[in-house]
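Undergrad: here is my input; please provide its structure:
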Amino acid sequence: MQMGFFDVERRYASLSELGDPLERLNDTVDWEIFRPDLKRIDQKVRKSAAGCKPTCRVLMFKLLILQRLYGLSDERLEYQVRDRLSFMRFLKLDLEEKVPDARTVWAFREALKTHQLAEVLFERLNRTLAGMGIQMKSGQIIDASFVSAPVQRNTREENAVIKEGAVPLEWGKTPNKLAHKDVDARWTKKGGRSYYGYKNHVNMDREMKLVAAQACTDASVHDSQMLEAVLRRPEAGGEGVWADSAYRSEAREQRLAEGGHRSQIHERAYRDAPLGDEQRARNTAKSRVRARVEHVFGQMENGMGGMFLRSVGLARAKVGVALMNLAYNLRRIEWLIRSKAFPFTRVTAPVRGAA
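TA: Residues are numbered from 1 along each chain as shown. Coordinates of the predicted model:
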């Protein structure tokens, strides 16, 4: 039985009554703030008016946000948009309108990679917040988490070649096989467990629990190697810097002090030099703050379908990780607005010429 206009409206009304999170997200974010950056994809001049026009870039961007919020593959995303009224309303699509298919979603994500726009879009949201008076400078909590990728079934000889930064000769003879082989992801171990893929390195604002800076590496890169990459200046992110003991070294403590930061990095024990009672007490106090970053990763893992990638290669992993952090920030901002932590009800670009 075909649904009529009033049937759809009644269904939408019931979704609103139940508290549709996507409707709340639409109400609190002006997606047009991202359009200037997304326009870079179409900077190439069209030779003629023939052929299909590009799908609205903001619509495609919102599709990728949906994908990261719910941990969907391209194919499942296409199906869910066709099937779920809440997704259709979020995208502002009518029932009779064409839904972008899985290949279009893939191509758009590739465009973000080609134009290096994922990190730009992440920064756009944070800059917009700064322009509205939200300064993430209450302190910097730095940590990293594994982001799994499809495991590669390679031989030991092939893995040895990959670790040397090369590509096995046989792969080069078969382009289709090479396209499905990830030569950037790495294995590593932590706590007796093996992990394969990449790492999401974040700098989180202490009070708002928003990701203020981020970076992506392969899984073998030690967390401490990326502290400077995500560290913000004291005047931008606050003087306090929290991190676990893996980030601590005498040289780093000195650099942080010289840069105007106040280190709250956990103290670490050494062989024949265990921590004293005062050091353990200081670490306990620091843990009460540092543990807040686990809430961020926990939300990504349990509330957003998991921290994983379906892509191949570091360039695509950077896109996926940046979109993951951006999607988390959008959801967190909606909650902060709903909790009246911000002095506004909608994130929007400032009006030009306004005082």
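Undergrad: in a helix, Val241, correct?
TA: No: counting by DSSP: H, G, I helix; E, B strand; the rest coil, Val241 is not found in a helix; it is strand.
Undergrad: gap between it and Val221?
TA: Applying C-beta to C-beta, to the nearest Å, the value for Val241 to Val221 is 19 Å. C-beta here means a position set from N, CA and C on the backbone, and glycine is covered the same way.
Undergrad: tell me which of those two has more neighbours.
TA: Neighbours per residue (other C-beta atoms under 10 Å) separate Val241 from Val221, with Val241 holding more: 25 against 17.
Undergrad: packing partners for the host helix or strand of Glu157?
TA: Element membership for Glu157, per DSSP states H and E: helix 156-163. Packed against helix 156-163 by the contact rule (3 or more C-beta pairs under 8 Å, 6 or more residues apart in numbering; DSSP states H and E) you find no helix or strand.
Undergrad: dump that helix to CSV, restricted to CA.
TA: What follows is helix 156-163 as a C-alpha-only set of coordinates in CSV (Å, rounded to 0.1, in the frame of the first residue of the first chain):
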residue,chain,number,x,y,z
ARG,A,156,55.9,-13.7,5.5
GLU,A,157,58.0,-12.9,2.5
GLU,A,158,55.4,-10.4,1.3
ASN,A,159,55.1,-8.7,4.7
ALA,A,160,58.9,-8.4,4.8
VAL,A,161,58.9,-6.5,1.5
ILE,A,162,56.0,-4.3,2.7
LYS,A,163,57.9,-3.4,5.9
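Undergrad: can you name the next helix or strand after it?
TA: helix 169-172.
Undergrad: which strands and helices sit next to that next one?
TA: Contact analysis of helix 169-172 by 3+ C-beta pairs under 8 Å, 6+ apart lists helix 175-179 as its packing neighbours.
Undergrad: now the helix it packs on - C-alpha only, CSV.
TA: Coordinates of each C-alpha in helix 175-179 appear next as CSV, following Å, rounded to 0.1, in the frame of the first residue of the first chain:
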residue,chain,number,x,y,z
PRO,A,175,46.7,-4.2,-10.8
ASN,A,176,43.4,-5.5,-9.5
LYS,A,177,45.1,-7.4,-6.7
LEU,A,178,47.3,-4.5,-5.8
ALA,A,179,44.2,-2.2,-5.5
